[in-house]
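> model the following, please.
(one chain, ligands or ions: 4)
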Amino acid sequence: MQNLALAKILRDIGFLTEVEDGDNAAFKARAYYRAADIIANLNRKVDDIYREKGLQGLLEIPTVGKAIALKVQEYITTGRVAHLEEMKARTPINTEELSGIEGIGPRTIKILYDRLGIKNLDDLYNAAAQKKIRTIPGFSEKKEQDILKRIDFFRKGKGRRILGEIYPLVKQIESRLSRADGVKKVAVAGSIRRMRETIGDIDYIVLSDRPEEVMDFFVRMPEVAEVLGRGPAKVFVKLNAGIDADLLVVPNESFGSAMQYFTGSKEHSVELRRIAISKGLRLNEWGLFKSDKEDRTAEGASDSSELTSGKKVMAGQVAGNSEEEIYSALGLQWIPPEMRENRGEIELARAGQIPKLVEYGSLKGDLQVHSDSTDGTMPIEDMAHAAKEKFGLDYIAITDHTKSLTIAGGLDEKELLDQAHRIAEINDRLEGFRILSGAEVNIMKDGSLDIPDNVLDKLDIVGAAIHSHFSQPVEVQTERLVRAAQNPSVDIIFHPTGRLLNKRDGYPVDIARLVEAAKDTGTALEIDAHYDRLDLRDDHVRMAVQHGVKLVIDSDAHHPVHFAFLMFGLGQARRGWARESDVLNTMPFDRLKRSLK
Ligand code: DGT
Ligand code: CA
Ligand code: CA
Ligand code: ZN
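Ligands and ions are numbered 1, 2, ... in the order given. Modelled structure (predicted):
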């Protein structure tokens, strides 16, 4: 748990830095978020590293600099970090509660605190209910109403965690469970299987004939803090990490139906159950049954969670073994989990028209990668080497920041061209791998770029992004992005909304207008795969796909471990029904090169 606990502390420091210092601290905060990512995904315990090599060992952890290493050391040796405690004392705000409300990031939290002394969810609710929020410049009656609605939503849902932040824990428990006696298979279902960007809890399904033993093992795992409830085949626990986990143990005949049931979404499953009923069938986690048979054998226990042993219930089972079998018995094509939100996928499945979604592992390259020329942590060669050897990619684009982003050490015209020259030299030495020269060029307040066209012209690929002046009205922000897309050198709009999930409100963008401009100018829109960005959102992706706008899925890597996060971008793309042909960087290098502006 140590690594994950440390990651949480670093994230808290980053967040409070942004609350206290506003947009100016965005980059400093990001350094903390990055170190937190690395530590959460490290395959060694940080305290082991420290015991072995001391502070030097900590400094060798990628993205961990002196300031962060010292805080890590302090935490390992004393169990606390004074800097964080001072910040918490100075800014006594329950950021955890407040940032759980959609659309409320550090900037808003700061304004609410300064203006109305709002420190927690109760304060926020009361201020909104007393119509005080609308009196703050930049807020409105509508925003106030939204806040009330979201608080209600939040209180029902007990807050949601970012998928990528919880993912290492999900995998750790999965692998522990898979080694337990009597376990034949372990699967993760629920919103995680659907690759939602935030998740409420973790849902496991275990295939086993010995549910009691498996549940005993589960509740005794070191990750478990408390058992919340237990039935004959289901158990609910609270984990030390503060999130709940559910486990369902099923026999082989019910594995597919359990997967279907536990994967949801609820809205999708409700519709499937309706279809089952219309065919004289009943669908639950134990299988698809003939209605009359189930009524007789289950003896009125229509909530199957109360059913004890499999055997007697299985009479009359039409399907249950696999999901395919269940969908097929309902007259439907199998539907990829990422599409199961009852947003039209069931109609497509009935017509046999489920699109072939872009596959995990189908990306051939990564078009947003940073190097140590700016705020990345590794030389170009090392990023290329890792992309090729560890992640099987065929190409990357080096897209460092440009000069007006001084805080990231952005490159000027000469430095960009020098870098492109160096990349050409590296390419000469490489076999079976290509590096594109590029830039993440900064979009200025008026929508112009900070690097002139005659320089951008000479780069292989150009992404443009907004990094400042976040608080402009939606028309202004959209116009900035549209202008950038119209630039003849700009191939991609990077992270189009600039949000950081649960951390920073993005700038407001009229995505429909941006999609239209992207279409008109042949500009691609990025799904930034880093799990705390993931802009575009799933419905934005769908809009782009519907309009034939190309997407790119990039890791925004500042260190090789970040290439692993491409899967979250792919998940988002699949949630937006994107096919391989919608994603530019599924193309082999030569074709990609030809399709750029
Ligand atoms: P989450 O955990 O909020 O991110 O979202 P899910 O979709 O993982 O929801 P969860 O964990 O409450 O339940 C897992 C699945 O179990 C859900 O997707 C569908 C199924 N399920 C849970 N509660 C109900 C229910 O009341 N009715 C139906 N039809 N299905 C349910
Ligand atoms: Ca869940
Ligand atoms: Ca659950
Ligand atoms: Zn950027």
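> which neighbouring elements make contact with the longest helix belonging to the chain?
The residue-count maximum for a helix in the chain (DSSP state H) belongs to helix 2-21. Judged by 3 or more Cβ pairs under 8 Å, 6 or more residues apart in numbering; DSSP states H and E, the packing partners of helix 2-21 are helix 26-41, helix 46-59, helix 66-78, helix 82-90, helix 95-99, helix 106-116, helix 163-178. In this view, the C-beta of every residue, glycine as well, is placed from N, C-alpha and C.
> change it to 7 Å
If contacts are counted by 3 or more Cβ pairs under 7 Å, 6 or more residues apart in numbering; DSSP states H and E, helix 2-21 sits against helix 26-41, helix 46-59, helix 66-78, helix 82-90, helix 95-99, helix 106-116.
> in the stretch 201-350 of the chain, what residue spans correspond to helices?
211-219, 255-263, 266-278, 291-297, 310-314, 323-329, 345-350 (DSSP state H, counting those that start in this stretch).
> repeat for the stretch 351-500 of the chain
Under the criterion DSSP H, counting those that start in this stretch, the stretch 351-500 of the chain carries helices at the ranges 380-389, 413-429, 453-456, 474-486.
> now these in TSV, with mean neighbour count, mean pLDDT and distance to ligand 3?
Converted to TSV, the helices of the stretch 351-500 of the chain look like this (neighbours: other Cβ atoms under 10 Å; pLDDT from 0 to 100; distance: least, Cβ to the ion, whole Å):
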stretch	mean neighbour count	mean pLDDT	distance to ligand 3
helix 380-389	19	97	36
helix 413-429	15	97	48
helix 453-456	16	96	49
helix 474-486	20	97	36
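> let's have the ones you listed in JSON lines, adding distance to D366.
Formatted as JSON lines, the helices of the stretch 351-500 of the chain follow (distance: least, Cβ to Cβ, whole Å):
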{"stretch": "helix 380-389", "distance to D366": "6"}
{"stretch": "helix 413-429", "distance to D366": "15"}
{"stretch": "helix 453-456", "distance to D366": "20"}
{"stretch": "helix 474-486", "distance to D366": "21"}
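> what's the closest of the helices and strands packed on helix 2-21 to ligand 1?
helix 95-99 (17.4 Å; Cβ to the nearest ligand atom).
> next, count neighbours for P452.
Per other Cβ atoms under 10 Å, the neighbour tally for P452 reads 11.
> please name the nearest non-neighbouring residue to it.
Nearest residue to P452 in three dimensions, chain neighbours excluded: E413, at 7.1 Å (Cβ to Cβ, 6 or more residues apart in numbering).
> the one you found contacts I451, correct?
Yes: counting by Cβ atoms under 7 Å, E413 touches I451, with 6.1 Å between them.
> how about whatever residue of the stretch 451-597 of the chain ends up closest to ligand 2, nearest residue that isn't a chain neighbour?
Closest residue of the stretch 451-597 of the chain to ligand 2, Cβ to the ion: G571 (15.1 Å). Nearest residue to G571 in three dimensions, chain neighbours excluded: M195, at 3.0 Å (Cβ to Cβ, 6+ apart).
> quick one: contacts for A225?
K238, L239, N240 (Cβ atoms under 7 Å, 6 or more residues apart in numbering).
> of those residues, which belong to strands?
If you go by DSSP state E, the contacts of A225 have K238, L239 in strands.
> re the thing from before, of the helices of the stretch 201-350 of the chain, which is nearest ligand 2?
helix 255-263 (8.1 Å).
> would that closest one count as contacting ligand 2?
No: Helix 255-263 stays clear of ligand 2 (Cβ under 5 Å from the ion), getting no nearer than 8.1 Å.
> nearest to ligand 1: which residue in the stretch 1-150 of the chain?
G100 (13.0 Å).
> pLDDT averaged over stretch 538-549 - what is it?
Mean per-residue pLDDT for stretch 538-549: 98.
> ok, is it in contact with ligand 1 or not?
No: using Cβ under 6 Å from any ligand atom, we find that stretch 538-549 stays clear of ligand 1, coming within 13.9 Å at best.
> check which residues of that stretch are buried.
Going by neighbour count (16 or more other Cβ atoms under 10 Å), the buried part of stretch 538-549 is D538, H540, V541, R542, M543, A544, V545, V549.
> name the element the fourth one belongs to?
So that's R542. In this assignment (DSSP states H and E), R542 forms part of helix 538-546.
> name the surrounding residues that touch that helix.
511-512, 515, 525, 527, 536, 551, 572-573, 575-578, 582.
> what's the lowest-pLDDT member of those?
Pick the lowest pLDDT in the contacts of helix 538-546 and you get L536, at 94.
> can I take it that it is in a strand?
No: in this structure, L536 is coil, not part of a strand, as judged by DSSP: H, G, I helix; E, B strand; the rest coil.
> contacting residues for it?
L536 makes contact with P496, L525, I527, A544 under the criterion Cβ under 7 Å, 6+ apart.
> could you redo the last one with a cut-off of 6 Å?
Neighbour list for L536: I527 [criterion: Cβ atoms under 6 Å, 6 or more residues apart in numbering].
> for this protein, which strand is longest?
Longest strand in the chain, counting residues (DSSP E): strand 434-442.
> for that strand, give me every contacting residue.
384, 395-399, 401-402, 404-405, 416, 420, 423, 427, 449-451, 459-465, 467, 494, 589.
> show me which of the residues you listed are buried.
Among the contacts of strand 434-442, those classed as buried by 16+ other Cβ under 10 Å are 384, 395-399, 401-402, 404-405, 416, 420, 423, 449-451, 459-465, 467, 494.
> what about the chain, any weak spots by pLDDT?
Applying pLDDT under 70 to the chain picks out residues 1, 153, 156-158, 293-313.
> around ligand 3, which positions in it sit nearby?
Contact residues, the chain versus ligand 3 (Cβ under 5 Å from the ion): D201, D203, D246.
> what sits opposite the first one in the beta ladder?
With beta bridges defined as DSSP bridges, D201 has these partners: D244.
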